[in-house]
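Asks: Dropping a prediction and its sequence here:
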Amino acid sequence: MRIIAMIKRVLREMVRDKRTLALMFLAPLFILTLMYFLFQSNTTQTASLGVRGVDTTLVNAVKNKHIKIHHISNQASAETNIRNHNYAGFISQSGDKLTLTLQNADQSKSAILKQSLQAAQIKLRTQAAATAIKSQQRALKAQQQIIQKLQTSLAMASRGARSSRSQAAPKSTALPNKSRATLAKQSVKPVNYSATTHYLYGSSDSTFFDTLLPIMIGFVVFFFVFLISGIALLRERTTGTLNRLLATPVKRGEIISGYLAGYGIFALIQTLLIVVFSIYAFKIQILGSVWNMFLINILLAIVALTMGLFISTFASSEFQMVQFIPVVVIPQIFFSGIIPISQMAGWLQPVAKIMPLYYGATAMSNVIEKGSNFTDIFGDVIALLIFFALFLVLNLVSMRRYRQV
Amino acid sequence: MAITIQVSNLQQGYGKTIVLKNINLTVHNGEILGLIGPSGAGKTTLVSTIMGMLTPQKGTVTVLGQRMPNRKLLAKIGYMAQTDALYSTLTARENLNFFGSMQGIASDKLKTQIPYAANIVNLVPDLDKYVKDYSGGMKRRLSLAIALVSDPELLILDEPTVGIDPELRQQIWTELHNIADEGKTILLTTHVMEDAEQSDQLMMIRNGAAIAQGTPDQLVKDYQVKTVEEVFLKAGRMQDENNRND
């Protein structure tokens, strides 16, 4: 009865606040669309490279679609050339010594240049090796021909000597022929690799956006529910309505439940909107069950809600509530899987385990990209439920400040 | 006459700061008790303790025969806070409805109670307006209507007449006397002497201590002055003298 009145009030307040409503429903779609276009391109970055006095074979080997080569004839230093022309790098040769100078303002361009130079060196080395093998092969063939000639003449000689055993002779000549063929095959094969790539998840069209989307679906729900519910309860505190509410026989648990259910409904609509939008506008492939996605998002929403309600205890104005975003929300993005946890420093990795979004985003990525079922994400679901229980208890305790029963 | 509120040897405070000390108070059925005193004297703290929002540090508080704090008993207390705690995006009717159901009143009873409470404070024509469009005085009246809507046995009003014009104040007082005549108890805080004169019983609080207690007529007689205001001033001076002697 009281909970229903609470839910009704939360819904009514929300529906009348058109701007907040728009923020909750349209802002996530706007952010996701923006990201879709931002991370659409795979790797079309090009780095310009200044080249002076380098062997043409090497220059040709370095050339690829990510590098724009500029031939330089002036005698100015590498630094000056980079500064004047804004090259990503400059390469010069004296004797058989190569010097690569990098601008290093954009590390990804530096990486392209370093990789390309390395690849070129490997390419040249294999080419050299291949020519060496070919000349060896020719020498080998010549040798084998001599051996064959020797063998036939030897056979003819022995035939003449012992004509009774002549039937066995051709067999012995056939043997070296076979071994020569295998030898030739082995030496030619390593030069021409052709690679076929198979993708376990996604396809060759997969971009960074595909990795990002599952994380972002969880994040936007977490962020907006956190902010809106936190500010809503804060407003109840500052206007005194919470105090007034606690002057009625309502239980503290009933207030929290009303909030949970009321904002939970909005979180559900928000999730529905984001999922449908992702499927139709971004054409993402969801390998797992959509129901699992809803489950994860609802769990994230209730964790965000209880966390927002609790954090609002420490804020005395809306402005102070916003100040908690860099402290409470932003670090969660870092540990949500956008940067792979396994690539982090060893001491940093356990930090992810205290971030609710880490569990939500991991589970969401697994469901969407790997088709994980409920048993696979069970651990993450439990982790989120523990966070929910923790914040729920903290909320009930912190409300004691207003009424001690 | 049955006792509605019984406060004995109450000491109350926040942490180590003591706000109230040695408060003894008895309010009977059908009485109107006025708590008067300057701001910061501890009136709101006493009201919060009587309602059970705070647990007494020392002493006891009993309301309607039950020891406070007691959550369920809050259903029998109508409360009007000092600040207007209203939902501004809702209409007055929705506010009354919401707080009414929080108080535990059935929705069909609310249908008759809302016009009754709104009528006392002259808000019937404005019931379906949004609270954000209300004036300060209208908000005050709506807060009072919310306290009245549950038809409670005990009404606790914290500064009920601030921002209410004299004509409406007169009307509200007539209604409060009617409610008291039905056997219901009213406790109100004020620093307006006209309100004090309307009360059956007075308790004057200054610096956390009760400095004078009794009916307005009795107090005026005892202190050999002409008005309640002078009683308050004289009692305050006497408190200062005692403190100096200590």
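Replies: Ah, there it is.

Asks: Just the strands from chain B, written as ranges.
Replies: Shown for chain B, the strands assigned by DSSP state E span residues B:3-14, B:17-28, B:32-36, B:58-63, B:66-67, B:77-80, B:154-158, B:185-190, B:201-206, B:209-214.

Asks: B:A118: which of those strands is closest?
Replies: The minimum distance between B:A118 and the strands of chain B falls on strand B:77-80, with 14.4 Å, by C-beta to C-beta. (C-beta placed from N, C-alpha, C; glycine too.)

Asks: ok so, going back, the strands of chain B into a markdown table, with extra columns for mean pLDDT, mean neighbour count and distance to A:N86?
Replies: Shown next, in a markdown table, are the strands of chain B (pLDDT from 0 to 100; neighbours: other C-beta atoms under 10 Å in any protein chain shown; distance: least, C-beta to C-beta, whole Å):
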| stretch | mean pLDDT | mean neighbour count | distance to A:N86 |
| --- | --- | --- | --- |
| strand B:3-14 | 91 | 18 | 65 |
| strand B:17-28 | 91 | 17 | 67 |
| strand B:32-36 | 94 | 24 | 78 |
| strand B:58-63 | 93 | 19 | 79 |
| strand B:66-67 | 92 | 13 | 81 |
| strand B:77-80 | 94 | 26 | 72 |
| strand B:154-158 | 94 | 24 | 71 |
| strand B:185-190 | 93 | 24 | 75 |
| strand B:201-206 | 92 | 22 | 78 |
| strand B:209-214 | 90 | 19 | 80 |
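
Asks: who wins for proximity to chain A among these?
Replies: Nearest of those to chain A, taken as C-beta to the nearest C-beta: strand B:77-80 at 4.4 Å.

Asks: roughly how far out does the helix or strand hosting A:T362 sit from the chain middle?
Replies: Element membership for A:T362, per DSSP states H and E: helix A:356-370. Helix A:356-370 sits 13 Å away from the centroid of its parent chain (C-alpha atoms, centre = their mean, to the nearest Å).

Asks: What's the mean pLDDT across it?
Replies: Helix A:356-370 shows a mean pLDDT of 92.

Asks: Who are the packing partners of it?
Replies: helix A:208-239, helix A:290-311, helix A:330-333, helix A:374-398 (3 or more C-beta pairs under 8 Å, 6 or more residues apart in numbering or on different chains; DSSP states H and E).

Asks: CA atoms only: put it into PDB for me.
Replies: Extracted in PDB, the C-alpha atoms of helix A:356-370 (Å, rounded to 0.1, in the frame of the first residue of the first chain):
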ATOM      1  CA  PRO A 356      30.300  -3.000  -9.800                       C
ATOM      2  CA  LEU A 357      30.600  -1.900 -13.400                       C
ATOM      3  CA  TYR A 358      33.400  -4.400 -14.000                       C
ATOM      4  CA  TYR A 359      31.100  -7.300 -13.300                       C
ATOM      5  CA  GLY A 360      28.200  -5.800 -15.300                       C
ATOM      6  CA  ALA A 361      30.300  -4.900 -18.300                       C
ATOM      7  CA  THR A 362      32.200  -8.300 -18.300                       C
ATOM      8  CA  ALA A 363      28.900 -10.200 -18.200                       C
ATOM      9  CA  MET A 364      27.400  -8.000 -20.900                       C
ATOM     10  CA  SER A 365      30.300  -8.400 -23.200                       C
ATOM     11  CA  ASN A 366      30.300 -12.100 -22.700                       C
ATOM     12  CA  VAL A 367      26.500 -12.400 -23.400                       C
ATOM     13  CA  ILE A 368      26.600 -10.200 -26.500                       C
ATOM     14  CA  GLU A 369      30.000 -11.200 -28.100                       C
ATOM     15  CA  LYS A 370      30.500 -14.800 -26.900                       C
END
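
Asks: Wait, A:I265 touches A:L11, no?
Replies: Yes. Taking contacts as C-beta atoms under 8 Å, A:I265 lies within contact range of A:L11: 6.8 Å.

Asks: farthest residue from the center of chain A?
Replies: Largest separation from the mean C-alpha position in chain A: A:A161, at 77.3 Å (C-alpha atoms, centre = their mean).

Asks: which residues touch residue 36?
Replies: Using chain A. A:F209, A:A281, A:F282 (C-beta atoms under 8 Å, 6 or more residues apart in numbering or on different chains).

Asks: wait, I meant chain B there
Replies: For B:I36, the contact set (C-beta under 8 Å, 6+ apart) comprises B:K43, B:T189, B:T190, B:H191, B:M193, B:A196, B:L202, B:M203, B:M204, B:I205, B:V228, B:F232.

Asks: so A:V54 touches A:Q93, yeah?
Replies: Yes. Using C-beta under 8 Å, A:V54 makes contact with A:Q93 at a distance of 4.5 Å.

Asks: what does stretch A:341-350 contact?
Replies: Here stretch A:341-350 has contacts from A:F335, A:A352, A:Y358, using C-beta under 8 Å, 6+ apart.

Asks: can you check stretch A:391-403 too?
Replies: By C-beta under 8 Å, 6+ apart, stretch A:391-403 touches A:242-243, A:246-247, A:252-253, A:255-256, A:303, A:306-307, A:309-310, A:313, B:52-53, B:69, B:71.

Asks: How much space separates the residue in chain B that chain A sits nearest to from B:A106?
Replies: Using C-beta to the nearest C-beta, the single residue of chain B nearest to chain A is B:A85, 3.6 Å away. Separation of B:A85 from B:A106 (C-beta to C-beta, to the nearest Å): 23 Å.

Asks: When these two are compared, which one has more neighbours?
Replies: Taking neighbours as other C-beta atoms under 10 Å in any protein chain shown, B:A85 and B:A106 compare with B:A85 leading, 22 against 11.

Asks: got the contact list for the more buried one?
Replies: Taking C-beta under 8 Å, 6+ apart, we find B:A85 in contact with A:T239, A:G240, A:T241, A:N243, A:R244, A:L245, B:S143.

Asks: Export the residues you listed as CSV, with columns for distance to A:D17, neighbour count and pLDDT.
Replies: Formatted as CSV, those follow (distance: C-beta to C-beta, whole Å; neighbours: other C-beta atoms under 10 Å in any protein chain shown; pLDDT from 0 to 100):
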residue, distance to A:D17, neighbour count, pLDDT
A:T239, 14, 16, 90
A:G240, 19, 16, 89
A:T241, 15, 22, 92
A:N243, 22, 20, 89
A:R244, 20, 24, 91
A:L245, 19, 23, 92
B:S143, 23, 27, 93
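
Asks: how about those residues, which pair is most distant?
Replies: A:L245 and B:S143 (13.4 Å).

Asks: Dump the C-alpha coordinates for stretch B:220-228 into CSV.
Replies: Written as CSV, here are the backbone C-alpha positions of stretch B:220-228 (Å, rounded to 0.1, in the frame of the first residue of the first chain):
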residue,chain,number,x,y,z
VAL,B,220,0.5,36.8,34.0
LYS,B,221,-0.7,36.8,37.6
ASP,B,222,2.4,35.0,39.1
TYR,B,223,4.9,37.3,37.4
GLN,B,224,2.8,40.4,38.2
VAL,B,225,2.9,41.7,34.7
LYS,B,226,0.2,42.6,32.1
THR,B,227,0.9,40.4,29.1
VAL,B,228,2.4,37.0,28.2
